[in-house]
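>>> what follows is a predicted protein model with its sequence.
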Amino acid sequence: MPNWVFNGLTIEGNPESITKLVEQMNSPFHMVHDSWDTTTQSYTKKDTFYSSPIFSFWNIIKPTDMEAYQGQPDHSLPIEEAMKYKGDSWYEFNNREWGTKWDVAVSEDNKYPETYMEGPVANGDNLVVYYNFNTAWSPPIAAIEKLSAQHPNLLMTLSYEEETGWGGEAEILRGIIISQSEYGWKCRECDHTEEETPYCEECEYDMCPSCGWGEPDEKCQTHMVESELPPKVQVKENA
Ligand SMILES: [Zn+2]
Ligand SMILES: [Zn+2]
């Protein structure tokens, strides 16, 4: 299993452009790929239909050489070469062109999709649409840059958070990242972020410098003081 990255993509702009993008992302397509058959213990070609994919990297950029795409990467390459993703196997194409190894499109037989759309809703004269999807290992910056270049008058904001705690946010316009912030750690309690996992200096267990959240060592004085503080909301009210 990969480490998952939870992505939220907010796109804002004029109504015609937003409508066009929503249609493009939801365009139906077929994908033939190798599927492991447990009864025959071999790969068989499986045709998956995405009748309403919601959001799909495939609909941003898809391979032109389908035969190469259905193949596997050259496993004899040294690691530095393999990491350049130069070939056109599905693994190399996806990592190079999308920035992640799997698509997030919702297939016809997927009953519990993690990819979903909210909106579009009006914001003044603009429309705003939000997409939620999970990617393997990394945020799909490369795919969103391409989508942004295709819709130069829309502002895209990608927020991403990896399951072990790192994450960030990138604003993309006309195919270019115009601002990006990243963090190595985020508090589950108050959303405070830090570059490195913050520790209590006394016991060296995790502790949020903003709200005190963390797993304390039972004997740690610092943590005992923190845990005797009134709840955060109350501190605010008294201040
Ligand atoms: Zn401590
Ligand atoms: Zn906190």
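Happy to help now that I have it. Numbering: from 1, shown residues only. Ligands and ions are numbered 1, 2, ... in the order given.

>>> mind checking the SS state of the closest residue to V22 other than its chain neighbours?
Leaving aside its sequence neighbours, V22 sits nearest to V129 (C-beta to C-beta, 6 or more residues apart in numbering; 6.1 Å). The way it works is simple: take the backbone N, C-alpha and C, and place the C-beta from them, glycine included. The assignment at V129 comes out as strand when based on DSSP: H, G, I helix; E, B strand; the rest coil.

>>> who are the neighbours in contact with V129?
10-11, 18, 21-22, 117-121 (C-beta atoms under 8 Å, 6 or more residues apart in numbering).

>>> can I get these in JSON lines including secondary structure and neighbour count?
Shown next, in JSON lines, are these (DSSP: H, G, I helix; E, B strand; the rest coil; neighbours: other C-beta atoms under 10 Å):
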{"residue": "T10", "secondary structure": "strand", "neighbour count": "17"}
{"residue": "I11", "secondary structure": "strand", "neighbour count": "26"}
{"residue": "I18", "secondary structure": "helix", "neighbour count": "21"}
{"residue": "L21", "secondary structure": "helix", "neighbour count": "23"}
{"residue": "V22", "secondary structure": "helix", "neighbour count": "18"}
{"residue": "M117", "secondary structure": "strand", "neighbour count": "17"}
{"residue": "E118", "secondary structure": "strand", "neighbour count": "12"}
{"residue": "G119", "secondary structure": "strand", "neighbour count": "16"}
{"residue": "P120", "secondary structure": "strand", "neighbour count": "18"}
{"residue": "V121", "secondary structure": "strand", "neighbour count": "10"}
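
>>> for ligand 2, state which of those residues is nearest.
Nearest to ligand 2 among the contacts of V129: T10, at 24.2 Å, using C-beta to the ion.

>>> enumerate the beta-bridge partners assigned to the residue nearest to V22.
Beta bridges link V129 to I11 when assigned by DSSP bridges.

>>> same check on I176?
Assessed by DSSP bridges, I176 has beta-bridge partners L173.
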